[in-house]
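no letters, just coordinates:
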């Protein structure tokens, strides 16, 4: 029984070279469908990896009430001490609360790739900013000094945009600022920003309010205690969000869009590839009509014949999907793409490749199933008489 | 024309194969239609954005003082300066997120595509809590003239609250995209007098200029006025902003073009294979045709016609389907109208691509058929 299956399958696979043109159709259409799907998904995978790297569950964000995003928020200077005294805030070895009151401005830059303008953020962080964000490492140069017009640049910003390399001067509020160092921030979106000291930045814009205050909590579970303490304090008008929740919320719209594009493109191309597979397998079954009938005549079961056709379709689909995914991986993996001022590191993850391969196998299965059924059901005598 | 039945007969020789090929081409052109719709949506945004409308924005974020208005208005070539201040928030539920533009009748002088009447503008200027909304928003939330609309914002009122209540004075529309754009315009004075802090500030001036060819020059003049002030400005035409805004979606449009390329490549192989198989099977039939007096060129044309008929009919089906479906969905969800509506230009571009694909895919099979030797072909060799 098992022997029948393996013989029938081996026969089908060994005769593929005789049907080279038709078999190539499955391989190429699966490669196109899977290649397109995986390429598009690499954008959202890279984006989500960045969003994931952005946040920690033990960091909380304080913004003025009903501010939808950080840029629209303003937290007065005198609120910072109240927030620092709240329960749940972590303290460092010197007993100082681990928090950073951030200022932020945006400024125009041009992309190296096409010379078009986009906006980048310059974030001012408080004295505890680096303890709060251990993911930031200086890769060259030195740290900015408070009180001086100095900034450090994220490595993605330095590679993607003009005029942002170490030693250069950038036109920012109240004159030119010098880039004194380059940093890396663990694949988070900070990699496409510039950093400086918050109070220096506020003074340069003659502003008196921070955009947000971020604190490190003792444990992620302390969030509720911390949040309740702030929201019930009548001297504050703030919202408290877990950093991971804030990031997920900000990412939601782009994610919906990217998933929609991937779904529509992948779905439609998959449908096209499936019709192609049906076509190929029907023609394979009819080209092998006599061969199959002979097998049946010498005692091979219908199931063995069906399996041989299905396996052939699956093998071709698998080969196509690997070519497509491999193409997407070589061309797109690790590529930098800027959406606005955010540089996204395209990621063709193993998960995406597995999904693409499974998708192609599903299409190959459907494309092989009906032709297989026909092959198995065709009366032996008729088939032998054909031609 | 008289050969049309022959072309059809050739295609219909193996109905299943033709139908599957036909369906793959149909879905490919449905995808083409969607992506082309996306492209023309971007084009539409660029077309309606103007070169004679400038935006004066704070150079590094933040706000610009209202005191700048008079200085900008004195710049030669400037006809209208309309300061505005956005109020972000939501109506009833945080999910109904929107922005209210706090300005006055000058806003409509800067945006003549909005259909506010003189009476409506005068009413807005007189009524501190008045507001004009577009049909789009009125429909979405069921607002009528005379309704009171509570709006929750992050801007605190002087009495410590966060609720701003507006009276709907009129319902207007945007002639650039009728029924598709949500504008909610309130009275700047209401905001300025009732807000707790940050008074007399604006987040953007809309400026109209007499001659659009002077856009760059006037922008520079305006920015020079405030270059050394505490709040420098950054002035650009609406068109320039739209261009860089859309370019920021560049990777998305790059991907759509790559996908169109992949789809066409796939089609080429699919159709080419179908034609090749069909020609191989019909070797002896072509022999008969040649015996009957068909020339080599005639057979060549016959095969090419089959491919063209198949591709163009399937392309037409796919494009018509997405065109009708797009119009239907656009009437349900005006939000995405710009994205799904395919222009006639891309419709015909699609048909053209179907034609070219058919030619490319049928060249080799057609040559093979035309080069057949009558004796060999009749023998089926």
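Alright, I've got the coordinates. Because the structure is predicted, anything quoted here is derived from the model rather than measured. Residues are numbered from 1 along each chain as shown, chains lettered A, B, ... in the order given.

low-confidence stretches in chain A?
Along chain A, segments meeting pLDDT under 70 span A:386-387.

what's the domain layout of it?
Here chain A is described, according to automatic domain parsing, as comprising the domains A:2-52+A:251-386, A:66-236.

starting at the chain centroid, how far to the shortest one?
Averaged C-alpha coordinates place domain A:66-236 at 24 Å from its chain's average position (CA atoms, centre = their mean, to the nearest Å).

and chain B, is that domain touching that?
Yes: in terms of CB under 8 Å from any CB of the partner chain, part of domain A:66-236 sits within range of chain B, namely A:66-68, A:71-73, A:104-108, A:114, A:116-118, A:122, A:172-173, A:205-207. Yep, even glycine has a C-beta here, placed from its N, CA and C like the rest.

rewinding a little: kindly reformat the domains of chain A as TSV containing distance to residue B:237 and mean neighbour count.
TSV is the format used below for these (distance: least, CB to CB, whole Å; neighbours: other CB atoms under 10 Å in any protein chain shown):
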stretch	distance to residue B:237	mean neighbour count
domain A:2-52+A:251-386	20	20
domain A:66-236	13	18
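
which residues touch residue 192?
No chain in the question, so chain A it is. Under the criterion of CB atoms under 8 Å, 6 or more residues apart in numbering or on different chains, the contact partners of residue A:192 comprise A:120, A:154, A:156, A:157, A:160, A:338, A:341, A:342, A:343.

ah, I was thinking of chain B
B:85, B:102, B:199, B:200.

cool, residue A:233 as well?
Shown in contact with residue A:233 (CB under 8 Å, 6+ apart): A:82, A:86.

looks to me like it is in a helix.
No: residue assignment for residue A:233, taken from DSSP: H, G, I helix; E, B strand; the rest coil, gives coil, which places it outside any helix.

what's the separation between it and chain B?
In this view, residue A:233 and chain B are 14 Å apart by CB to the nearest CB, to the nearest Å.

ok, now residue A:123?
Taking CB to the nearest CB as the criterion, residue A:123 is separated from chain B by 12 Å.

bridge partners for that residue, pull those for me.
For residue A:123, the beta-bridge partners under DSSP bridges are residue A:104, residue A:195.

hmm, residue A:191 and it touching each other?
No: judged on CB atoms under 8 Å, residue A:123 makes no contact with residue A:191 at a distance of 12.0 Å.

using the three-state scheme, assign residue B:98.
Secondary structure state of residue B:98, per three-state DSSP, is strand.

quick one: what helix or strand has residue B:197 in it?
When elements are assigned from DSSP states H and E, residue B:197 belongs to no helix and no strand.

how many other residues sit next to it?
Each residue near residue B:197 was counted by other CB atoms under 10 Å in any protein chain shown, and the total is 12.

where does it land on pLDDT?
Here the pLDDT value assigned to residue B:197 is 79.

check the one 4 residues further on too.
As summarised for this prediction, residue B:201 has a pLDDT of 92.

and it, how close does it get to residue A:300?
Spatial separation of residue B:201 from residue A:300 under the definition CB to CB, to the nearest Å is 84 Å.

how about residue A:101?
In this structure, residue A:101 lies at 77 Å from residue A:300, with CB to CB as the measure.

okay, helices next: where are they in the stretch 201-350 of chain A?
In chain order, the stretch 201-350 of chain A shows helices spanning A:223-231, A:243-287, A:289-297, A:302-332, A:350-377, with DSSP state H, counting those that start in this stretch as the criterion.

the helix or strand hosting residue B:149 - contacts with which helices or strands?
For residue B:149, the enclosing helix or strand under DSSP H and E is strand B:148-153. Identification of packing neighbours for strand B:148-153 by 3 or more CB pairs under 8 Å, 6 or more residues apart in numbering or on different chains; DSSP states H and E yields strand B:78-90, strand B:163-172.

what's the first helix or strand after the shortest one?
Following the chain from strand B:163-172 toward its C-terminal end, the next helix or strand by DSSP H and E is strand B:184-187.

list the buried residues in that next one.
By neighbour count, with 16 or more other CB atoms under 10 Å in any protein chain shown as the criterion, the buried positions of strand B:184-187 are B:184, B:185, B:186, B:187.

same check on stretch B:62-74?
B:62, B:64, B:66, B:68, B:69, B:72.

next, count neighbours for residue B:97.
The local packing of residue B:97 (other CB under 10 Å) involves 11 other residues.

please name the nearest non-neighbouring residue to it.
Here the nearest residue to residue B:97 in space, its sequence neighbours aside, is residue B:90; by CB to CB, 6 or more residues apart in numbering or on different chains that works out to 5.0 Å.

does residue B:172 really touch residue B:136, like I thought?
No: using CB under 8 Å, residue B:172 and residue B:136 do not qualify as a contacting pair, with a distance of 10.1 Å.

tell me the predicted confidence for residue B:95.
The predicted local distance difference test score for residue B:95 is 81.

roughly how far apart are it and residue A:207?
Summarising the geometry, the distance separating residue B:95 from residue A:207, computed by CB to CB, is 31 Å.

quick one: the helix or strand harbouring residue B:311 to helix A:243-287, angle?
Secondary structure here is read from DSSP H and E; on that basis residue B:311 sits in helix B:296-332. Angle between the axes of helix B:296-332 and helix A:243-287 is 150 degrees (criterion: axes from the mean of the first three to the mean of the last three CA atoms, to 10 degrees).

elements contacting helix B:296-332?
In terms of contacts (3+ CB pairs under 8 Å, 6+ apart), helix B:296-332 is packed against helix B:4-11, helix B:15-48, helix B:250-281, helix B:283-291, helix B:337-340, helix B:344-370.

most centrally placed residue in the chain?
Looking at chain A here, since you left the chain open. Geometric centre of chain A, nearest residue: residue A:45, 1.7 Å, by CA atoms, centre = their mean.

not what I meant, chain B
residue B:41 (1.0 Å).

for stretch B:133-147, the averaged confidence score.
The predicted model gives stretch B:133-147 an average pLDDT of 93.

how far out from the middle of the chain is that stretch?
Relative to the chain's own centre, stretch B:133-147 is displaced by 25 Å; criterion: CA atoms, centre = their mean.

flag every buried residue along that stretch.
For stretch B:133-147, the buried set under the neighbour-count rule, 16+ other CB under 10 Å, comprises B:133, B:134, B:135, B:136, B:137, B:138, B:140, B:141, B:143.

and it, how far apart are its ends?
End-to-end distance for stretch B:133-147, by CA to CA, to the nearest Å: 11 Å.

which other residues reach that stretch?
Contacts to stretch B:133-147, defined as CB under 8 Å, 6+ apart, come from residues B:91, B:96, B:98, B:114, B:149, B:167-174, B:178-185, B:334.

all set now, cheers.
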